[in-house]
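just a sequence and a predicted model for now, questions to come.
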Amino acid sequence: MAGQAHKREDSAPTGAGSPGAALRQHPARLLTTSWPWRSLGYLVTTPIVAVLWLLTCWPLVVLAGVPLGHIERWRLRWVDRRPATNPHSPMTRTGFGGWVRLRISERASWAELLYGVVLVPISVLTFALFCIVLLVPAAVAAASAALFVILILGVDPGAVTAVSDLRTSIINENPLAQLGFAALGAIVFAAGLYLVTLAAEGQRYLCRILISEPPAGEDEQLTEVTRSRARISSAFDQERRRIERDLHDGAQQRLTSLVLTLATMKYQLGRGQEIRPLLEQATTDAQHAVDELREIVHGIYPSALREHDLSEALDDVLSRAELAGLTSDVQLDVPADLSPDVEVGLYFAVSELVTNVTKHSGATCLVVRIKPTSESSLHVSVEDNGHGGASIEGGTGLLGVVDRIETLGGTLHLSSPPGGPTRVNMEVPCESS
């Protein structure tokens, strides 16, 4: 179809989403990742944020935590790849006074204030941890390494001004001893990075609890996904029973009749009798059995995807829509390495939507778009210029599409005002197969 494009998109590595996850998943390789240094940056800036907050925001009294919450949700990105949701309600009142009354009435404002109060002692502990487990070992390792180099080169430590002042504190001027101190300092420093990572995970968890709440309606969304999966499980059981029933009542009986006909043919052929009618009957039974088996397996897995990729399979669906009188505007930018589950789910979802448009909408034009997004997902939209008024609760077709998309971890939004147009937007994760 015109406007169709194909593009291969390599899936990005998922990796760990937080310091704690990195510590659990790859403890031996933690120091080769960026998480210890991200954690270090997060903890080192914590005292700075706490001091600036105390110096500048205290006149706001109860609302002092609000600006801190915005800063901390931004800083949380250093140690948490999940978006930090703003728990505050959108403005429904006008003027500064309305804003103040709204914020004071919100639980989030008090939670942010509590977080600010807790952040002050946390920043003190953070600074102490940084000095004890990182600065001291790093200083010991650096000084011992410098002394090792000086002693190896045969330079008198007293001749070096920076060392001469500390000569009385030198425990041993043996190069091997200094090398051992340097190695010990490096080991303690590496162990300190593990402690820093663990401390950052603790502060991240506290920050996530107090100043970032789940999006409103997340519980309802989880409930709906659970219901969708229950409906799919029920539909699967019903489909399995249908296949068993159809096999028993249809194809199995045809094949049994075919076996009996072939046995009769064998018997009559041995006696020299005419077998042409039986041959015709066997041919008819075999053809009926093939037809019934084809009907039984229809819809279990689309044959179009066995022979083609998703774009070509959808091209065939949309070509049939054009033969039915629809004008289509299609742009399919589909990654070539989609997982089979995503391909099947999108194929059936788009096919169902196109069928609905053809049968029920009274539309003359169909617009289909598929394109990858920056969040490693696929955005799919199907729009028609029909009479509108479609609803998910109005029939099993759209409800089945919702179930398929939610099972893939995606979302579906329907807009179909009376008079049209009808627009269905779907967002589906597109991990590679």
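Alright, I've got the coordinates. Numbers count the residues shown, from 1 in each chain.

show the average pLDDT along the helix or strand containing Glu312.
Following DSSP states H and E, one finds Glu312 within helix 310-323. Here helix 310-323 scores 81 as its mean pLDDT.

same question for stretch 49-62.
On average, stretch 49-62 scores 84.

give the buried residues for that stretch.
By neighbour count with 16 or more other C-beta atoms under 10 Å, stretch 49-62 contains the buried residues 49-50, 53, 57. From N, CA and C alone the C-beta is placed, and that goes for glycine too.

let's have those residues in TSV, adding secondary structure and distance to Thr364.
TSV is the format used below for the buried residues of stretch 49-62 (DSSP: H, G, I helix; E, B strand; the rest coil; distance: C-beta to C-beta, whole Å):
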residue	secondary structure	distance to Thr364
Val49	helix	59
Ala50	helix	64
Trp53	helix	61
Cys57	coil	60
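
look through the protein and tell me its longest helix.
Assignment by DSSP state H gives helix 175-211 as the longest helix of the chain.

and whatever helix or strand comes next after the helix holding Glu312, what's buried?
Sequence-wise, the next helix or strand downstream of helix 310-323 (DSSP H and E) is strand 327-334. Going by neighbour count (16+ other C-beta under 10 Å), the buried part of strand 327-334 is 328, 330, 332-334.

so where is the stretch 101-250 of the chain shaky, pLDDT-wise?
Within the stretch 101-250 of the chain, the segments meeting pLDDT under 70 span 154-173, 213-250.

do that again at 80, thanks
For the stretch 101-250 of the chain, applying pLDDT under 80 flags the ranges 102, 143-144, 146-179, 212-250.

now the helices for it?
With DSSP state H, counting those that start in this stretch as the criterion, the stretch 101-250 of the chain has helices at 107-130, 136-152, 161-164, 175-211, 218-246.

the stretch 251-400 of the chain too?
For the stretch 251-400 of the chain, the helices defined by DSSP H, counting those that start in this stretch occupy 252-270, 276-297, 303-307, 310-323, 340-356, 396-407.

angle of the first one against helix 276-297?
By that I understand helix 252-270. Interaxial angle of helix 252-270 relative to helix 276-297 (axes from the mean of the first three to the mean of the last three C-alpha atoms, to 10 degrees): 160 degrees.

so what does helix 252-270 touch, helix or strand wise?
Using 3 or more C-beta pairs under 8 Å, 6 or more residues apart in numbering; DSSP states H and E, the elements in contact with helix 252-270 are helix 276-297.

looking only at pLDDT, what's the mean for the helix it packs on?
Computed over helix 276-297, the mean pLDDT rounds to 75.

off-centre distance for that helix?
Mean-position distance between helix 276-297 and its chain equals 48 Å (C-alpha atoms, centre = their mean, to the nearest Å).

contacting residues for the residue nearest to Leu63 when sequence neighbours are not counted?
Leaving aside its sequence neighbours, Leu63 sits nearest to Arg103 (C-beta to C-beta, 6 or more residues apart in numbering; 5.6 Å). Counting by C-beta atoms under 8 Å, 6 or more residues apart in numbering, Arg103 makes contact with 63, 66, 88, 109.

try 10 Å
By C-beta atoms under 10 Å, 6 or more residues apart in numbering, Arg103 lies in contact with 60, 62-63, 65-66, 88-89, 91, 109-110, 112.

what's the helix holding Glu312 packed up against?
The elements that helix 310-323 packs onto, with contact taken as 3 or more C-beta pairs under 10 Å, 6 or more residues apart in numbering; DSSP states H and E, are strand 5-6, helix 303-307, strand 327-334, helix 340-356, strand 365-372.

lowest average pLDDT across these?
Looking at those, the weakest mean confidence is strand 5-6, a mean of 36.

how about the helix or strand following it as PDB, C-alpha atoms only?
Going down the chain from strand 5-6, the next helix or strand is helix 19-25, by DSSP H and E. C-alpha atoms of helix 19-25 as PDB (Å, rounded to 0.1, in the frame of the first residue of the first chain):
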ATOM      1  CA  PRO A  19      20.300   0.900  42.700                       C
ATOM      2  CA  GLY A  20      18.600  -1.800  44.700                       C
ATOM      3  CA  ALA A  21      17.500  -3.700  41.600                       C
ATOM      4  CA  ALA A  22      21.100  -3.500  40.200                       C
ATOM      5  CA  LEU A  23      22.500  -4.700  43.500                       C
ATOM      6  CA  ARG A  24      20.200  -7.700  43.500                       C
ATOM      7  CA  GLN A  25      20.600  -8.600  39.900                       C
END
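
thanks again, I'm all set now.
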